[in-house]
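coordinates only, sequence not included:
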């Protein structure tokens, strides 16, 4: 019997290695084009890894993924130098895929103890579910939360089972802290545990008080979260201020609320329902309710309460999927819109049948494996097609740049996070999420790749930062950052992120700093895409976040984009009027170019040697 189990375990191990190689091969040999950006997670992580490698700290703290950033940065420091920035992303993708699928496979087999058949079926499901299909292979905080979510959800269920040890509770808290340090919204994974803990009985957990158990989880969680998220701890108070800012001047006032954003991604009904359930449970405990209700509470187990709450999360996921498709969203757009639900897929495994004994690899398992191979092959084929078509658009965009540069100091681009261009990928990563006080070109020798010299002639329009001057010194946040910076023994990783975000307070004057490294007398070409996005939107407009403008630009003073059909023309007119009347710039021409079927307006600007004020 022991020999059978050892041989069977060896078979499962070899099978897992085979699946991992198969899936990772997808990311190596048939990768999705990193420069086809319809969601900016990879520019965020690319710049974070570069900053951690070159400066020792990362800048972004909204979806930090601190462990992923610093693991990738460490690997870059010990691996041979490669000139191609695509190698950096490929390496980081492979690391995340190995970690993610290892956690999925081992979590299902060793923690959940489901059968190999259902493990393969679940992995196959991930290649069909829109969000996981999109995020599994790219550098993002979303994809890896599938594996982490499985571990958190399954360990959470085991806490209340008879004979469960405090070791389970410890690893549950650590896994939860790891998940939240990757993306803050993963904190919702703790809700089923908190509610189910109200139904814990002492005979389930020995002599330990249920309240003490919850407090222990929270203490361990905060300790490990502090360790995992240590590089960004000083910036955590600013997280909620970013949710519904309508202008840059509101960004650091601590006046923003997360509720509008949560409502837009479908989490408000979930949160409201959870609060309602918690309130009812506490009322049932606190007040002398009818005996039938008390009896029901006594008969409710931790496991049944945990599974009930987990099922509620899954119902929200199903509702959001149906709602998005009914509103006309494309498959990829549904995937991006439902990305915040990926950790909740871990609740699905709680509903899978358990395998009490070791099983041999059977015919139905082999058939399921063939289905998985077909799904991976389809994904690889789609990636190859997309890479080929995107490469053609990238070359067309590069040709447009080369055509516009002669006789100009710079080619300047409207800031949009959706594009198909290798040049814009590096440029936008540096501008939006990189070190704000210096550019990639200012630290060429410290970069983990070779920077194309042509990038020194490319810039992003500072329209996100145009606005009326504000007195930042009166803001509490400005005092807070300065107070921390005055500390003598402040860690360097904290000093770097604080100084960088303090620099973000600075507005950019439309006349004196339309782009970085501007000098009066420069001539430049400005590229403004039709619709204020470099990628054509195919789905229905109403799908995109009701009440908010999909195409963001910064400045209400310039008349930023709105839902009117001529928003692009209005933006260009108000921008050129400001440059001509306020700054004394000369707009030499306004051409229309096409890259594939995308219309792009090209303005030629001469800033002369002086301005009007």
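The structure has been received and is ready for your questions. Every value quoted in this text rests on a predicted model; they were computed, and no experiment measured them.

Surely residue 592 is in a strand?
Yes. Per DSSP: H, G, I helix; E, B strand; the rest coil, residue 592 lies within a strand segment.

Name the spans of the stretch 351-500 of the chain whose pLDDT lies under the cut-off.
For the stretch 351-500 of the chain, the stretches with pLDDT under 70 are 356-361, 467-472.

Could you pull out the strands in it for me?
Ranges of strands in the stretch 351-500 of the chain, per DSSP state E, counting those that start in this stretch, are 410-413, 419-420, 458-460.

and those, which is most packed in?
Neighbour counts (mean count of other CB atoms under 10 Å) averaged over each of those peak at strand 419-420, with a mean of 26. Quick note: C-beta positions are derived from backbone N, CA and C, even for glycine.

Can you list the strands that that strand pairs with?
Strand 419-420 sits in its sheet next to strand 36-37 (antiparallel), going by DSSP bridges.

got a list of contacts for the strand it pairs with?
43, 386, 390, 417-420, 424-425, 428 (CB atoms under 8 Å, 6 or more residues apart in numbering).

closest to residue 336 among those?
Closest to residue 336 out of those is residue 418 (10.6 Å), distances taken as CB to CB.

check contacts around the closest one.
Residues in contact with residue 418 (CB under 8 Å, 6+ apart) are 37-38, 40, 533-535.

repeat that with 6 Å
By CB atoms under 6 Å, 6 or more residues apart in numbering, the contact set of residue 418 is 38, 533-535.

What of residue 458?
Per CB under 6 Å, 6+ apart, neighbours of residue 458: 411, 427.

ok, now how distant is residue 455 from residue 72?
The gap separating residue 455 from residue 72 is 22 Å, by CB to CB, to the nearest Å.

Neighbour count for those two, which is higher?
More neighbours surround residue 72 than the other of residue 455 and residue 72, with 28 against 15 (other CB atoms under 10 Å).

State the helix or strand in which that one lies.
Per DSSP states H and E, residue 72 falls inside helix 66-78.

mind giving me the domain ranges of the chain?
What automatic domain parsing lists as the domains of the chain is 61-359, 387-606.

can you pull up the bridge partners for residue 524?
Bridge pairing for residue 524 (DSSP bridges) gives the partners residue 410, residue 605.

Model confidence for it, exactly?
According to the prediction, residue 524 has pLDDT 95.

now swap in residue 347 and tell me
95.

Mind checking the pLDDT average for the helix or strand containing residue 221?
Element membership for residue 221, per DSSP H and E: helix 210-228. For helix 210-228, mean pLDDT is 92.

For that helix, name the packing helices and strands.
Contacts defined by 3 or more CB pairs under 6 Å, 6 or more residues apart in numbering; DSSP states H and E place helix 210-228 against helix 166-182.

Which SSE is immediately downstream of the helix it packs on?
Downstream of helix 166-182, the next assigned helix or strand under DSSP H and E is helix 191-196.

List the contacts of that following helix.
Under CB under 6 Å, 6+ apart, the answer for helix 191-196 is 156, 274, 302, 305-306, 309-310.

Most neighbours of all those residues, which one?
Counting neighbours by other CB under 10 Å, residue 156 leads the contacts of helix 191-196 with 30 neighbours.

Not counting residues beside it along the chain, what's closest to that residue?
Closest residue in space to residue 156, ignoring its immediate chain neighbours: residue 193 at 4.6 Å, by CB to CB, 6 or more residues apart in numbering.

what's the answer for residue 535, then?
residue 418 (4.4 Å).

measure the one you found to residue 43 for me?
11 Å.

The helix holding residue 72: which residues count as buried?
By 16 or more other CB atoms under 10 Å, the buried positions in helix 66-78 come out as 66-73, 75-76.

One more: stretch 48-61?
Of the residues in stretch 48-61, 48-55, 57-61 count as buried by neighbour count, 16+ other CB under 10 Å.

Does residue 521 belong to a helix, a strand or coil?
coil.

Just want the phi and psi numbers for it.
phi 110, psi -10 (degrees, to the nearest 10).

what bits of the chain have low per-residue confidence?
In the chain (pLDDT under 70), the answer is 1-9, 163, 202-208, 240-298, 356-361, 467-472, 536-565, 609-613.

Tally up the residues packed near residue 322, please.
11.

biggest separation within the contacts of helix 191-196, which pair?
Most distant of the contacts of helix 191-196, by CB to CB, are 274 and 302, 17.0 Å apart.

Among the contacts of residue 418, which are located in strands?
Among those, no residue falls in strands (DSSP state E).

Need the residues you listed in TSV (columns: neighbour count and distance to residue 225).
Converted to TSV, these look like this (neighbours: other CB atoms under 10 Å; distance: CB to CB, whole Å):
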residue	neighbour count	distance to residue 225
38	17	31
533	20	36
534	23	37
535	17	36
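
which one of the residues you listed is nearest residue 443?
residue 534 (26.8 Å).

distance of that closest one from residue 433?
In terms of CB to CB, residue 534 sits 17 Å off from residue 433.

now swap in residue 422 and tell me
17 Å.

One more: residue 409?
Residue 409 is 25 Å from residue 433, by CB to CB.

Do me a favour and get the backbone dihedrals for residue 117.
phi -60, psi -50.

what about the closest residue to it other than its chain neighbours, distance to residue 140?
Closest residue to residue 117 in three dimensions, ignoring its sequence neighbours and counting by CB to CB, 6+ apart: residue 365, at 4.7 Å. Per CB to CB, residue 365 is found 30 Å from residue 140.

follow-up on the earlier one: what backbone torsions are found at the residue nearest to residue 535?
Recorded main-chain torsions at residue 418 are phi -120, psi 120, according to degrees, to the nearest 10.

Please enumerate residues in contact with the helix holding residue 221?
By CB under 6 Å, 6+ apart, helix 210-228 touches 67, 173-174, 176-178, 180-181, 197, 200.

can you redo these as a markdown table with distance to residue 232?
Shown next, in a markdown table, are the contacts of helix 210-228 (distance: CB to CB, whole Å):
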| residue | distance to residue 232 |
| --- | --- |
| 67 | 11 |
| 173 | 20 |
| 174 | 19 |
| 176 | 18 |
| 177 | 14 |
| 178 | 14 |
| 180 | 12 |
| 181 | 9 |
| 197 | 29 |
| 200 | 34 |
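
returning to what we had before: so which of the domains of the chain is the most packed in?
domain 61-359 (a mean of 18).
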